[in-house]
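[1] output the structure for:
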Amino acid sequence: MKTLYLDCGMGAAGDMLTAALVELLPEPERFIEKLNSLAIPGVQIKKESAVKCGITGTHISVTVDGIEEDEELHEYFHDHDHHNHDHSHDNQHNHEYYHHHSGMHDIEHIISNLNISEKVRKDILSVYALIAEAESHAHGVQVTDIHFHEVGTMDAIADVTAVCLLMDELSPDEVVVSPVHVGSGHVKCAHGILPVPAPATAFILKEVPIYGGSVNGELCTPTGAALLKHFATRFGDMPVMKTTAIGYGMGKKDFQMANCVRAMIGETADKTDIVLELSCNVDDMTAEEISFATERLFEGGANEVYTIPIGMKKSRPGTLIRVMCKEEDKEKMIHLLFAHTTTIGVREAVTHRYILERKLETLQTPYGEVRRKVSSGYGALRVKYEYDDISRIAKEQNMSLSEVRKRLEEKEL
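    Model prediction:
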């Protein structure tokens, strides 16, 4: 299984992630040319060699109209009341540059004009949605009223677009991200002095393993946090893997530790995991009641719920209800079983599961977008088109389902 591991021991920012991932490509210069050919308004992207603590890596420089981002200005959100905020300590060019504000509508408009696939476009907008939600929560403003400051400018659009394009090009089956070092102390922003991690970053990284440390400064930006949150399959230690490429994405500042994101891509073993089977027997529930309980269990996060007709004491017909779930969902599933069934006891069994790695792809076809599930591993490959999509085409084109599948397969060949 193709696995990407991101070591965020010195946090993450959009340009650092871009630099680390581009080093994994066989022809990184060609990717930079492709990125510049998108013609993001005013943006020029350069790849340059950088050394941190004796380690050679890549630094990505993004300029907008010839001006490079001022890394000291990390505040992302401004409302209309701050348009005239005094930045007299900045030079006049930076003053004008950093007072560019964009709402989500502006971001969507810019992204819609880029020559990228629909999948990459959706990834970019999903990353921005995470940031907008975080800024909305931090500042107590509706998401629709959010106006981005630095994130809304073209340099950040370039960072997010670059990472989304790189992830699409690398196409890992799994993305594992280390616990994220967020830094410590305080950071200066347009609104004043904020604790590290900044409120928006902290909100995005909820339920993600993070830690501080002796490094004084902001190591993880909201952009970096949102990119990690969007693409991570899981957060944890580096898996056992045979690496095929390693990339170092360098930050601008110098610390005692090498200021970089390290990306490693390679092969891990076919996937296995442990699931729990929770079971109970009932003989006094109607089919409708069992159906209702099944729906609640699926909504609660069950991997699978199924029933088996059984014979119980005194030859009474009954039903065995079985729930497959993750260890962390066990307590929730047990509560749901007792709440929505008549059972007075639930049994637990630990099972090992051998599973194919699954991913959802979106294909561009003459009939519109078609999603398909691709499952692979253990030498097997299975492809299944989403029923809703092929059903829509069959109705629109007056074809059978099998004919639609055949035509889609022919287009893929």
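
[2] can you list the strands that the stretch of helix or strand Val383 belongs to pairs with?
    Applying DSSP states H and E as the criterion places Val383 in strand 380-385. Here strand 380-385 is paired, per DSSP bridges, with strand 368-377 (antiparallel).

[3] how far away from the center of its chain is the partner strand?
    19 Å (C-alpha atoms, centre = their mean, to the nearest Å).

[4] which residue lies nearest the spatial centre of this structure?
    What sits nearest the mean C-alpha location of the chain, by C-alpha atoms, centre = their mean, is His230, with 1.4 Å.

[5] list the buried ones in stretch 166-175?
    Buried residues in stretch 166-175, defined by neighbour count with 16 or more other C-beta atoms under 10 Å: 166-167, 170, 172-175. (C-beta placed from N, C-alpha, C; glycine too.)

[6] what about those residues, which are in strands?
    174-175 (DSSP state E).

[7] can you tell me which of the buried residues of stretch 166-175 is nearest Val141?
    Using C-beta to C-beta, Met167 comes nearest to Val141 of those, at 29.9 Å.

[8] setting the sequence-adjacent residues aside, check what's closest to the closest one.
    In space, and not counting its chain neighbours, Met167 is closest to Phe231: 5.6 Å by C-beta to C-beta, 6 or more residues apart in numbering.

[9] how far away from the center of its chain is the helix or strand hosting Lys229?
    In this structure, Lys229 sits in helix 222-231 according to DSSP H and E. Averaging C-alpha positions (C-alpha atoms, centre = their mean) puts helix 222-231 7 Å from its chain's average.

[10] beta partners for Ile210?
    Bridge pairing for Ile210 - DSSP bridges - gives Val180.

[11] number of residues surrounding it?
    By other C-beta atoms under 10 Å, the residues close to Ile210 number 19.

[12] likewise Val120?
    For Val120, the tally of surrounding residues (other C-beta under 10 Å) stands at 18.

[13] and the helices in the stretch 51-200 of the chain?
    In the stretch 51-200 of the chain, the segments counted as helices under DSSP state H, counting those that start in this stretch are 92-97, 104-112, 118-139, 154-170, 199-204.

[14] okay, the angle between the second one and helix 154-170?
    Yep, that's helix 104-112 we're talking about. Here helix 104-112 runs at an angle of 50 degrees relative to helix 154-170 (axes from the mean of the first three to the mean of the last three C-alpha atoms, to 10 degrees).

[15] show me what helix 104-112 is packed up against.
    When contacts are defined as 3 or more C-beta pairs under 8 Å, 6 or more residues apart in numbering; DSSP states H and E, helix 104-112 sits against helix 118-139, helix 154-170.

[16] mean pLDDT added to those helices, as JSON lines?
    As requested, those are arranged in JSON lines below (pLDDT from 0 to 100):
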{"stretch": "helix 118-139", "mean pLDDT": "88"}
{"stretch": "helix 154-170", "mean pLDDT": "91"}
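
[17] give me whichever of these is most buried.
    helix 154-170 (a mean of 23; mean count of other C-beta atoms under 10 Å).

[18] please pull out the lowest mean pLDDT helix or strand from this protein.
    helix 92-97 (a mean of 36; mean pLDDT, DSSP states H and E).

[19] what lies in contact with stretch 375-395?
    Stretch 375-395 has contacts (C-beta atoms under 8 Å, 6 or more residues apart in numbering) with 1, 173, 270-271, 354-358, 367-374, 399-401, 403-405, 408.

[20] can you do 6 Å?
    Counting by C-beta atoms under 6 Å, 6 or more residues apart in numbering, the neighbours of stretch 375-395 from elsewhere in the structure are 270, 356-358, 367, 370-374, 401, 404.

[21] what is the mean pLDDT for that stretch?
    Summarised as a single mean, pLDDT over stretch 375-395 is 90.

[22] what of stretch 250-269?
    91.

[23] what's the distance between it and the middle of its chain?
    Centre-to-centre, stretch 250-269 and its host chain are 19 Å apart (C-alpha atoms, centre = their mean).

[24] and the residue of the chain positioned farthest from its centre, what does it touch?
    Taking C-alpha atoms, centre = their mean, the residue of the chain most remote from its mean C-alpha position is Lys314, at 53.6 Å. Residues in contact with Lys314 (C-beta under 6 Å, 6+ apart): none are found.

[25] which SS state does it fall under?
    helix (DSSP: H, G, I helix; E, B strand; the rest coil).

[26] that one and Asp283: what is the separation?
    Here the criterion is C-beta to C-beta, to the nearest Å. By it, Lys314 lies 10 Å from Asp283.
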